[in-house]
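Colleague: Sequence and predicted model, in that order:
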2 protein chains.
Amino acid sequence: MVAAKTRKPRIRDAEATQKRILAAAKQEFAKKGLGGARVDDIAARAKANKRMIYHYFDSKESLFQRVLEDAYVDIRTAEQKLELDHLDPKDALEKLVRFTWKYYLDNPEFLTMVNSENLHKARHLKKSKVVQDISRRLVTMVDTLLERGAKQGLFRDGIDPVQLNITIAAIGYYYFTNRFTGAIIYERDLMSREALDTRLQFNIDTIMRLVCK
Amino acid sequence: MVAAKTRKPRIRDAEATQKRILAAAKQEFAKKGLGGARVDDIAARAKANKRMIYHYFDSKESLFQRVLEDAYVDIRTAEQKLELDHLDPKDALEKLVRFTWKYYLDNPEFLTMVNSENLHKARHLKKSKVVQDISRRLVTMVDTLLERGAKQGLFRDGIDPVQLNITIAAIGYYYFTNRFTGAIIYERDLMSREALDTRLQFNIDTIMRLVCK
DNA sequence: CCTCTATGTAACTATTGGGTTAGTTGAACT
DNA sequence: AGTTCAACTAACCCAATAGTTACATAGAGG
């Protein structure tokens, strides 16, 4: 038990194996969704044995649930670190829009997992108390920001923080999750540096016009 | 060959069988995506034999492609019937937002199919010339509307019709496709009559503020 | 240095599921 | 009424896949 981290790497390392499995599962689920992911492939990717997956995570489904939970905890934790309270309301709002955009861009597996979960009617997420708790903090954060901006006469009164949150998420989420069909329908490369910059600016503009007086 | 439609229903009817298969496939793909859908279940739902599916549609993949193509043709055709040119630009824009919302609400299988297609990097849609052609007409329609509104001094100048299209789609699409996880994250019934009305009004407001001077 | 258990491997099972084969039959046209 | 062919059925094949069993061993604690 003494200072496991300073020891030279053990050949047998339960913690490390679990982490490798979780990382591999995230990639695999992101690429193929819950239904398309293969337990054998996760094992291979994790350089672990399939037996270990069942040993540590019981079933494919509960492994998915765990990966999904971790994904939600990650994004909600990152959001909480934004510290919007210290900023001018307009700057804070823009920062939130930028953050959401960047998070989706950098973590496409989050989008795929959410899509997959919705295909399954959120039956895994339903079981997760922790996700419900941290999500409440997001709404509170935006609500606080809206009230502060309204009090300063910068924002319109009476905007529903949930509707705003949905909209901020939507204008980024749709763009990224449908980037493949979008490229065909709109006959553009949506992922070029220039296209990304343009879209982010458009999104900031959309939200500012929606919220500001 | 004479007046097939007036004849009494044949026991053997190639056309009717194909239609039943397509309808069944649409439902099945909508419920489970490409990977999750089962050919046996499609056959059962269509009250047809599995052999018939392969006879008419070659493979599960090309059946999916056909259903997806039909779905795109359907929505694009419906859009073209809106006849926005006859309306005041603001009314036309609102009509488009309402249409998009209602279409997603009434045709949830379209959303699932698009999600599934993006999971597969749009490899089926890439092959479809017809979808690319009709999609171009959508962009043209919105572009015409934007120019007309700008000329009348109602809309801002220089709005990119593609960005606007994406935004109109996004604020509806995200709401519906993530309605299950959304209900948990935001702790609300997103599909009640009242919630739907509120959201649609919010969306119209969002787009009007974005486009109008 | 011995023992016991958590960590690990590999081979196996049972089932599912896309696709096929072999054969049957309704009805359109002579 | 007979011929033909497309429409149709049922039973089959076999590769893939979630989950299991049997067995091996590193290494922590006595």
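Modeller: Now that the structure is in, tell me what you want to look at. Numbers count the residues shown, from 1 in each chain, chains lettered A, B, ... in the order given.

Colleague: Is stretch A:169-187 positioned near chain B?
Modeller: Yes - Stretch A:169-187 lies within reach of chain B by CB under 8 Å from any CB of the partner chain, at A:169-171, A:173-175, A:177-187. Quick note: C-beta positions are derived from backbone N, CA and C, even for glycine.

Colleague: Correct me if wrong: residue A:177 contacts residue B:118.
Modeller: Yes - shown here, residue A:177 and residue B:118 form a contact pair, counting by CB atoms under 8 Å, at 6.0 Å.

Colleague: more crowded one of those two?
Modeller: residue A:177 (26 against 20; other CB atoms under 10 Å in any protein chain shown).

Colleague: The more buried one: what's it in contact with?
Modeller: By CB atoms under 8 Å, 6 or more residues apart in numbering or on different chains, residue A:177 lies in contact with A:111-112, A:115, B:115, B:118.

Colleague: want to throw these into a markdown table with distance to DNA strand D?
Modeller: Output for the contacts of residue A:177, formatted as a markdown table (distance: CB to the nearest atom of the strand, whole Å):
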| residue | distance to DNA strand D |
| --- | --- |
| A:111 | 21 |
| A:112 | 16 |
| A:115 | 18 |
| B:115 | 20 |
| B:118 | 20 |
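
Colleague: buried ones in the helix or strand where residue A:143 lies?
Modeller: In this assignment (DSSP states H and E), residue A:143 forms part of helix A:129-151. Residues of helix A:129-151 classed as buried by neighbour count (16 or more other CB atoms under 10 Å in any protein chain shown): A:131, A:134-135, A:138-139, A:141-143, A:145-146, A:148-150.

Colleague: Between the residues you listed, which sits nearest residue B:23?
Modeller: Checking the buried residues of helix A:129-151 against residue B:23 by CB to CB gives residue A:131 as the nearest, at 36.7 Å.

Colleague: Please name the residues that touch residue A:202.
Modeller: Here residue A:202 is in contact with B:160, B:163, B:167 (CB under 8 Å, 6+ apart).

Colleague: Mark which of those residues are part of helices, please.
Modeller: B:163, B:167 (DSSP state H).

Colleague: top of the contacts of residue A:202 by neighbour count?
Modeller: The most crowded member of the contacts of residue A:202, judged by other CB under 10 Å, is residue B:167 (25 neighbours).

Colleague: Isn't it up against residue B:209?
Modeller: No - using CB under 8 Å, residue B:167 is not in contact with residue B:209, being 11.4 Å away.

Colleague: tilt between the helix or strand containing residue A:65 and helix A:129-151?
Modeller: Assigned by DSSP H and E, residue A:65 belongs to helix A:60-80. Direction vectors for helix A:60-80 and helix A:129-151, defined by axes from the mean of the first three to the mean of the last three CA atoms, to 10 degrees, enclose an angle of 30 degrees.

Colleague: Can you pull out the residues in contact with helix A:60-80?
Modeller: By CB under 8 Å, 6+ apart, helix A:60-80 touches A:21-22, A:25-26, A:29, A:34, A:37, A:39, A:42, A:53, A:57, A:96, A:99, A:103, A:107, A:109-110, A:113-114, A:116-117, A:124-125, A:127-128, A:130-131, A:134-135, A:137-138, A:141.

Colleague: Could you tell me which of these belong to helices?
Modeller: A:21-22, A:25-26, A:29, A:34, A:39, A:42, A:53, A:57, A:96, A:99, A:103, A:109-110, A:113-114, A:116-117, A:130-131, A:134-135, A:137-138, A:141.

Colleague: Kindly identify which of the contacts of helix A:60-80 also come near DNA strand D.
Modeller: Counting by CB under 7 Å from any atom of the strand, A:37, A:39 from the contacts of helix A:60-80 sit close to DNA strand D.

Colleague: Now the buried members of the contacts of helix A:60-80.
Modeller: Going by neighbour count (16+ other CB under 10 Å), the contacts of helix A:60-80 have A:21-22, A:25-26, A:29, A:34, A:37, A:39, A:42, A:53, A:57, A:96, A:99, A:103, A:107, A:109-110, A:113-114, A:116-117, A:124-125, A:128, A:131, A:134-135, A:138, A:141 buried.

Colleague: so which of the residues you listed also contact chain B?
Modeller: Answer for the buried ones among the contacts of helix A:60-80 near chain B (CB under 8 Å from any CB): A:114, A:117, A:125, A:131, A:135, A:138.

Colleague: I figured residue A:210 was touching residue A:167, is that so?
Modeller: Yes - Residue A:210 is within contact range of residue A:167, at 6.9 Å (criterion: CB under 8 Å).

Colleague: anything in contact with each of the two?
Modeller: Residues touching both residue A:210 and residue A:167 (CB under 8 Å, 6+ apart): residue B:206.

Colleague: Contact partners for residue A:190?
Modeller: By CB under 8 Å, 6+ apart, residue A:190 lies in contact with A:175, A:179, A:182-183, A:196, A:199.

Colleague: Are we agreed that it is in a helix?
Modeller: No - under DSSP: H, G, I helix; E, B strand; the rest coil, residue A:190 falls outside any helix and is assigned coil.

Colleague: And it, how close does it get to residue A:73?
Modeller: Residue A:190 sits 29 Å away from residue A:73, going by CB to CB, to the nearest Å.

Colleague: likewise residue A:29?
Modeller: Distance from residue A:29 to residue A:73, by CB to CB: 16 Å.

Colleague: same question, residue A:130
Modeller: 7 Å.

Colleague: Next: residue A:16.
Modeller: From residue A:16 over to residue A:73 the distance is 20 Å, taken as CB to CB.

Colleague: Just the CA atoms of stretch A:85-97, as PDB, please.
Modeller: Only the C-alpha atoms of stretch A:85-97 are listed here, as PDB (Å, rounded to 0.1, in the frame of the first residue of the first chain):
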ATOM      1  CA  ASP A  85     -18.700  35.300 -11.400                       C
ATOM      2  CA  HIS A  86     -15.500  37.300 -11.700                       C
ATOM      3  CA  LEU A  87     -16.200  38.500 -15.200                       C
ATOM      4  CA  ASP A  88     -18.400  41.200 -16.700                       C
ATOM      5  CA  PRO A  89     -21.700  39.500 -17.600                       C
ATOM      6  CA  LYS A  90     -21.200  39.900 -21.400                       C
ATOM      7  CA  ASP A  91     -17.700  38.500 -21.200                       C
ATOM      8  CA  ALA A  92     -18.800  35.700 -19.000                       C
ATOM      9  CA  LEU A  93     -21.600  34.700 -21.500                       C
ATOM     10  CA  GLU A  94     -19.100  34.800 -24.400                       C
ATOM     11  CA  LYS A  95     -16.700  32.700 -22.400                       C
ATOM     12  CA  LEU A  96     -19.400  30.100 -21.800                       C
ATOM     13  CA  VAL A  97     -20.300  29.900 -25.500                       C
END
